[in-house]
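J.: here is a sequence with its predicted model. Questions after.
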Amino acid sequence: MKKIEKLILLICVVLFTASAANAQVSIGISVRIAPPELPVYVQPACPVEGYLWQPGYWAYDDADGYYWVPGVWVAPPTPGYLWTPAYWGYEGGFYGFHAGYWGPHVGFYGGINYGFGYGGVGFYGGNWEGGRFRYNTAVVNVNTTVIHNTYVDRTVINNITVNNHTSFNGPGGIQARPRPEEVAAMHEQHVQPTAEQLAHQQHASQDKSQFAKVNGGHPTAAVMDKVGGKPMNERGQVATNSKLGNPNANPNQNNPDRPNAGNPNRPANQPNRTNINNPNRPANQPNAVKPQNNGTPGQPQPRVQQPRVQPQRVQPQRARPQPKQQPQKQKER
């Protein structure tokens, strides 16, 4: 009996250790319907130095299907960290969600072309130097009256950009596998999306005009200049009919989460943040666990969190998913 108790205790210790060390394994949601194509939109100018771009993405609601979470400028949890976007991956008849995360390097995000520095591999929209973020204005839009720490590098645009609007990885979508440097980044210390990022997604889920079945793949609010700020449509115009944010917001006011970009010696948020109290939220990991087929084709699985979508303005070579059910067809821009 004592041997059995010791064995159980040992197993628990091993599982706990593995969980702590392997912070990139995520259980995201899984559904049988492919996410819509990524809408093409204009990026708003970065309002505050040190903010980084989180691409928009299709999230999923088990009752109403896919809804668009606007691309937005957000404060990183600490200077020096970069955002790895979430992505959808198709495998075994299901589209699984892989959660995004913060880390010292950008990991694998499915080869998806989100645009604005996220062309499918890595990130070329800027870099951290001496505790301050330098923006590559060849690919990202910044307010240069507020932000002066910039440079221009156009060579990266055509080197690795994936030229289509497909929103998922796998058969029928983007055929990409992690590169060695992306695999290495996946095993680094990660930080989950901030409370601000989670609130941003929650607000999007409460606006019916963000759902694909209502907007046909063209959300009312495609982007925002910051969380709770100005909602804008795909053309970069203020979306006055959106329920998100504040159309009259001043992007340079009320930024409690502004990063310490100008003072690297100032205390920053700790990277080892624990999960916010949300039992349905997956850990910040890029690898979704393969779902189990419950024998009910076409039935979506329970809802979870995610982050995601937006390509460069380039001509796509559209990929057609293979599953039986198809998402609402998008209009080509």
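T.: Yes, it's here.
J.: ok, and what's touching stretch 232-252?
T.: Among residues not part of stretch 232-252, those counted as contacts by C-beta atoms under 8 Å, 6 or more residues apart in numbering are 39-44, 47-48, 70, 143, 146, 203-204, 206-207, 209-210, 218-231, 333. Placement of C-beta: from N, CA and C, glycine included.
J.: once you drop chain neighbours, what's closest to Gly71?
T.: When the adjacent residues along the chain are set aside, Gly71 lies closest to Gly56, with 3.6 Å between them (C-beta to C-beta, 6 or more residues apart in numbering).
J.: neighbours of the one you found, how many?
T.: By other C-beta atoms under 10 Å, 28 other residues sit near Gly56.
J.: next: Glu182.
T.: 20.
J.: other SSEs contacting the helix or strand hosting Asn127?
T.: Secondary structure assigned from DSSP states H and E places Asn127 in strand 126-129. With contacts defined as 3 or more C-beta pairs under 8 Å, 6 or more residues apart in numbering; DSSP states H and E, the secondary structure elements packing on strand 126-129 are strand 132-136.
J.: need the three-state assignment for the residue nearest to Gly65 when sequence neighbours are not counted.
T.: For Gly65, the nearest residue in space outside its immediate sequence neighbours is Lys213; the separation is 5.5 Å by C-beta to C-beta, 6+ apart. Assigned state for Lys213: helix (three-state reduction, DSSP: H, G, I helix; E, B strand; the rest coil).
J.: picking up where we left off before, so how far is Asp225 from the residue nearest to Gly71?
T.: Distance of Gly56 to Asp225, given as C-beta to C-beta, to the nearest Å: 13 Å.
J.: who touches both of the two?
T.: Both Gly56 and Asp225 are contacted by Val72, under the criterion C-beta under 8 Å, 6+ apart.
J.: please enumerate the helices of this protein.
T.: Using DSSP state H, the helices assigned to the chain run over residues 2-21, 157-160, 180-186, 195-205, 212-215.
J.: residues touching Gly117, list them.
T.: Neighbouring residues of Gly117 by C-beta under 8 Å, 6+ apart: 53, 123-126, 136, 139-140.
J.: ignoring the adjacent residues along the chain, who's closest to it?
T.: In space, not counting the residues next to it along the chain, Gly117 is nearest to Gly125; the distance is 2.4 Å by C-beta to C-beta, 6+ apart.
J.: show me the contacts for the one you found.
T.: Taking C-beta under 8 Å, 6+ apart as the definition, contacts of Gly125 comprise 53, 116-118, 135-136, 139-140.
J.: ok, of those residues, which come out buried?
T.: Taking 16 or more other C-beta atoms under 10 Å as the criterion, what is buried in the contacts of Gly125 is 53, 116-118, 135-136, 139-140.
J.: ok, and the closest non-adjacent residue to Val152?
T.: For Val152, ignoring the flanking residues on the chain, the nearest one in space by C-beta to C-beta, 6+ apart is Ala138 at 4.9 Å.
J.: angles on the backbone of that neighbour, please.
T.: Main-chain torsions, Ala138, degrees, to the nearest 10: phi -70, psi -20.
J.: one more: Ala75?
T.: Dihedral angles phi and psi of Ala75 (degrees, to the nearest 10) take the values phi -90, psi 130.
J.: for it, report the pLDDT, please.
T.: The per-residue pLDDT reported for Ala75 equals 98.
J.: with Gln202 instead?
T.: Confidence at Gln202, expressed as pLDDT, is 97.
J.: same check, this time on Pro307
T.: At Pro307, the model reports a pLDDT of 38.
J.: swap in Thr144?
T.: In this prediction, Thr144 carries a pLDDT score of 89.
J.: neighbours around His187, how many?
T.: Burial measure for His187: 13 neighbouring residues, criterion other C-beta under 10 Å.
J.: which stretches of the stretch 1-150 of the chain have low pLDDT?
T.: In the predicted model, the stretch 1-150 of the chain carries pLDDT under 70 at residues 1-28.
J.: would you map the strands across it?
T.: Taking DSSP state E, counting those that start in this stretch to define them, one finds strands in the stretch 1-150 of the chain at 25-26, 30-31, 52-54, 57-61, 65-69, 71-74, 82-84, 87-91, 94-98, 101-103, 126-129, 132-136, 150-151.
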